[in-house]
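Chemist: need coordinates for the following:
(one chain, ligands or ions: 2)
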Amino acid sequence: MKKLIAAISGLVLGALASTVIFADFNDNKNTNQAGTATNAQKVYVPFGQKDEYYLFASGGHSGQMFIYGVPSMRHIRTIPVFSHDSATGYGWDKHSKKMLGKYTWGDLHHPALSEKGGEYDGKYLFATDVGNNRAAVMDLKTFTVKDILEVPNTGGPHCAAFVTQNTEYMFLPTRFAIPFGHKFASLDDFKTKYKGVMSAVTFDEKKQKLSVAYQVALPPWSFDLSDAGKKISKDWAVMTTYNTEEATTEMEINASQKDRDYIVLFNWKELEKMIADGKFDMVNGMKMLDPSKHKGAIYLVPTAKSPHGVDVTPDGTRFIASGKLAPAMTVFSFEKAFRAIKDKKFAGEQEGIPVLDYDSVMEREVNPENALGPLHTQFDGNGFAYTTMFISSEIVKWNIKTGETVDRVPVQYSPGHASAAEGDTVSPDGKYIIALNKIAKDTYLSVGPSHPESMQLIDLSGKKMEIIQSAPVDPEPHYAQMIKADKIKPIVVYDKDEKRPDSVWNQKDTSITRKGNVVEVHGVALRSKFIFDGKAARKDVINVKEGDKVVIHLTNIDLDQDITHGFGINSYDLNMEVQPGQTQTIEFTANKAGTYPLYCTNFCSALHQEMNGYLLVEPKG
Ligand code: CUK
Ligand code: CUA
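Modeler: Ligands and ions are numbered 1, 2, ... in the order given. Now for the predicted structure:
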C-alpha cells in the first residue's frame, strides 16, 4: 500500500514538474460547449442591460485587479494596485506615488471582499502582493486603492487575503521563510534563524488605513493558503503548510519527503487576548508572539503531504484540504477538532506546537476515481463542494456529507482556483462557478508561444454542470471573487462638498504661486481646456525655472458622468487621470529646461485634441 502511494506521488510529482502529462490528459479535444445556441443565450446580456455579478479577478504578476461582468464575461475595467499604470496615471500622481513607494511591480494572488456577518457587504476589496510583501485596500465606491501597507518580517504573503466573518482581520502568513527583517543568515542556520511569520492585519475604516495588529513567529515552513472560519468556527482560521521538512534547496524533491504536512489551526480571538496580555516581543516595530512559549491558540492538524488549498464550508462546520501530491481531498471537522483540543488528544509536538491526532479531527478522505491534483474547493450552498483538479483538468462536484462524486466537467486546461457566485460567504448562490485555468493552449486565436490564461463560466443550475462561456485573462487568475452586482454602489462623480484643501471650483480662483523655488499650481480641467491661472494672459501655460519643484493640483470641474480628463506632460514622463469632481496632485522637479507641451490624455469631448497647453522651463543663468 505504501509502495502504491509512493508510486502515485511519484507520478503526480513528475506530472507537476513537467508539462508532458497535460498532453496525456488533455488530448481529448476541447470539449467546451460554449459555442451552442442555448448557451449563447445564457450569457447574452442585451445592450442596455447589465451583468448580474461582478467578478474581481487576480491579475497575478501584473500587480493589477481585473473586473469582469458575469455571465457575459466581458472585461470591464482594470484597477492598478501594486504596479504602475499609465492608463490611469497610477504611480505618478502624489497619492499613488506615495503608496507605491520604491516598488514598481507586484504579484497579486487572492482578492478578498469585505464581509459583514459572513456575507460580502460590497464595501471594500483587499489584496496582497507576494512579490513585495504588501497588502492593499480598494474602495468599491470609486474602484480605487485607498491604502497600501508594507508588512515587515515577511517573505511573500501568498496565503492571503482571506477576511474573517466581520472583516476584523486578514491574515498574511509568509510563503518563504526568512530571518526577521530579511537579515542575512546562512541557510545552514535555517532551523534556528529563519521564521515563517504570520501577520494579522486590520483595516481602520474611519482612517482608511491598514495596519499590522501583531505577528506570530511560526516555524520556518512555507504557508500556502488560508481561510477564515464561519459561524461556529468564526474565531478560528486555518492555513496549509508545506516544507515542514525545512529543506533549503531543490524544494521540488526535498520539500516532498514526508507523507504528511500540516494544517495550522488557530484561534485569533485567543491570539488577540495574548497580545493584549503583553505576551510578545518587539521585532522591527512589530508585536511578535512566539507560539512555542505561549500555548493555547495554535494547533497542527496532520494532512496529506504538500497540501495547497484549504476551504471552510459555508456553514463553518468543516474545512477541506486538498493535497496537490495526493489524489484525495480530506474533510476535517471543526467540532471534532475543538473536542480533540479540549480532551488534549495530541500526537506530540512540532517546534513546540501541539499536533492533534489525525483520526480525532478527520471526518473522511474523498477520492474521486482517476482525479488528480486537487487544488481548491468552492461551494454552492446546497451541500455540494466543487474541487479543481489541476492534473486531470476538471472540476469534480461532490457531496460534502457523504463524499460521493456527483458530477464532473473537463475544463481547458489545468484549473488552479475556481470561483463560485458569492462562494466564500455563509450563503453561496449556487448559480455559477468559474474555472480559473492556468493553461489556455488551443482555446483562443494564437498570439505566439505564450498564451493568456483562461476562465470558463460553468452553469450550475441544471442537473449537469455545463460550460457556457470562456474569456481570456492575462495574467493570471490565481483567484477571483464573484459578488451580486446590486451589492456594489459606486459613486458617479466625486463629491464637490467634500473637504479637500487643494480643490478649486471656479476658473477665477485658479492660481500659480511661487515660494522660493517651489511653484504651486491650483488649476482646473474642464471641456476642453486647462486653466492654471485665470488672471494670466495665457491661462493654460505654466512658467517655471530649471530646478524648480513644481506642484500641480488639478480639479476636474466637469461634474458629469464619465467625463474624465487626463494630464500628460510631453517628454517629462508624467501622466495622471482626474475623474469627474476629483482633485489630483502631481509633483516633480523641472530638471530639464525647454518647451514641453502638456495635454489631456483621456478623450473627453469633440475638442479634446485642443485641450492642451505648455510647460515652459526657463534655463538656469
Ligand atoms: S494559488 Cu492555488 S492555483 Cu491561490 Cu497563488 Cu494559483
Ligand atoms: Cu479632457 Cu480630453
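Chemist: ok, and the closest non-adjacent residue to the closest residue to ligand 1 within the stretch 101-250 of the chain?
Modeler: In the stretch 101-250 of the chain, the residue that lies nearest ligand 1 is residue 109 (4.1 Å; C-beta to the nearest ligand atom). Using the backbone N, CA and C atoms, a C-beta is placed for each residue, glycine as well. Once flanking residues are discounted, residue 109 sits nearest to residue 478: 4.3 Å by C-beta to C-beta, 6 or more residues apart in numbering.
Chemist: least confident secondary structure element in the protein?
Modeler: None of the helices or strands of the chain scores lower by mean pLDDT, DSSP states H and E than helix 20-26, at a mean of 38.
Chemist: name the residues of the following helix or strand past that one that are buried.
Modeler: For helix 20-26, the following helix or strand on the C-terminal side (DSSP states H and E) is helix 37-43. Within helix 37-43, the residues that count as buried by 16 or more other C-beta atoms under 10 Å are 39, 42, 43.
Chemist: what is the nearest of those residues to ligand 2?
Modeler: residue 43 (34.0 Å).
Chemist: that closest one and ligand 1: what is the separation?
Modeler: Applying C-beta to the nearest ligand atom, to the nearest Å, the value for residue 43 to ligand 1 is 25 Å.
Chemist: how close does that residue sit to residue 430?
Modeler: 18 Å (C-beta to C-beta, to the nearest Å).
Chemist: ditto for residue 166
Modeler: Relative to residue 430, and taking C-beta to C-beta, residue 166 is found at 24 Å.
Chemist: and the stretch 401-550 of the chain, which residues reach ligand 2?
Modeler: Contact residues (C-beta under 6 Å from any ligand atom) of the stretch 401-550 of the chain with ligand 2: residue 528.
Chemist: counting neighbours, which bits of the host helix or strand of residue 225 end up buried?
Modeler: Following DSSP H and E, one finds residue 225 within strand 222-228. Under the neighbour-count criterion of 16+ other C-beta under 10 Å, strand 222-228 has 222, 223, 224, 225, 226, 227, 228 buried.
Chemist: report pLDDT for the third one.
Modeler: By that I understand residue 224. pLDDT, residue 224: 92.
Chemist: list the contacts of it.
Modeler: 158, 159, 175, 239, 240, 241, 242, 307, 308, 309 (C-beta atoms under 8 Å, 6 or more residues apart in numbering).
Chemist: export stretch 524-534 to CSV, keeping only CA atoms.
Modeler: Presented in CSV, the C-alpha positions along stretch 524-534 are these (Å, rounded to 0.1, in the frame of the first residue of the first chain):
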residue,chain,number,x,y,z
VAL,A,524,-9.0,73.2,-13.2
ALA,A,525,-9.7,70.9,-16.1
LEU,A,526,-13.0,71.2,-18.0
ARG,A,527,-14.2,70.6,-21.5
SER,A,528,-12.0,71.4,-23.3
LYS,A,529,-9.3,73.3,-21.6
PHE,A,530,-6.9,73.6,-18.7
ILE,A,531,-6.9,76.8,-16.6
PHE,A,532,-3.9,77.2,-14.3
ASP,A,533,-4.0,80.9,-13.7
GLY,A,534,-7.3,82.7,-14.6
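Chemist: what's in contact with it?
Modeler: Stretch 524-534 has contacts (C-beta under 8 Å, 6+ apart) with 504-512, 521, 523, 539-542, 552, 554-558, 563, 565, 567, 578, 598, 600, 604-608, 610-613.
Chemist: just the buried ones from those, in PyMOL syntax?
Modeler: Of the contacts of stretch 524-534, the buried ones go into a single PyMOL selection, burial set by 16+ other C-beta under 10 Å:
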select buried, resi 504+510+512+521+523+539+540+541+542+552+554+555+556+557+558+563+565+567+578+598+600+604+605+608+611+612+613
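Chemist: state the distance from the closest residue to ligand 1 within the stretch 451-600 of the chain to ligand 2.
Modeler: Residue of the stretch 451-600 of the chain nearest ligand 1, by C-beta to the nearest ligand atom: residue 478 (3.9 Å). From residue 478 across to ligand 2, the span is 35 Å (C-beta to the nearest ligand atom).
Chemist: next one: residue 379
Modeler: From residue 379 to ligand 2 the distance is 46 Å (C-beta to the nearest ligand atom).
Chemist: can you report how many residues lie near that residue?
Modeler: Neighbour count of residue 379, defined by other C-beta atoms under 10 Å: 25.
Chemist: show me what contacts it?
Modeler: Contacts for residue 379 (C-beta under 8 Å, 6+ apart) come out as 311, 313, 314, 385, 386, 400, 420, 423, 428.
Chemist: ligand 1 contacts on the stretch 101-250 of the chain?
Modeler: Counting by C-beta under 6 Å from any ligand atom, the residues of the stretch 101-250 of the chain near ligand 1 are 109, 110, 158, 225.
Chemist: these in strands, which ones?
Modeler: residue 225 (DSSP state E).
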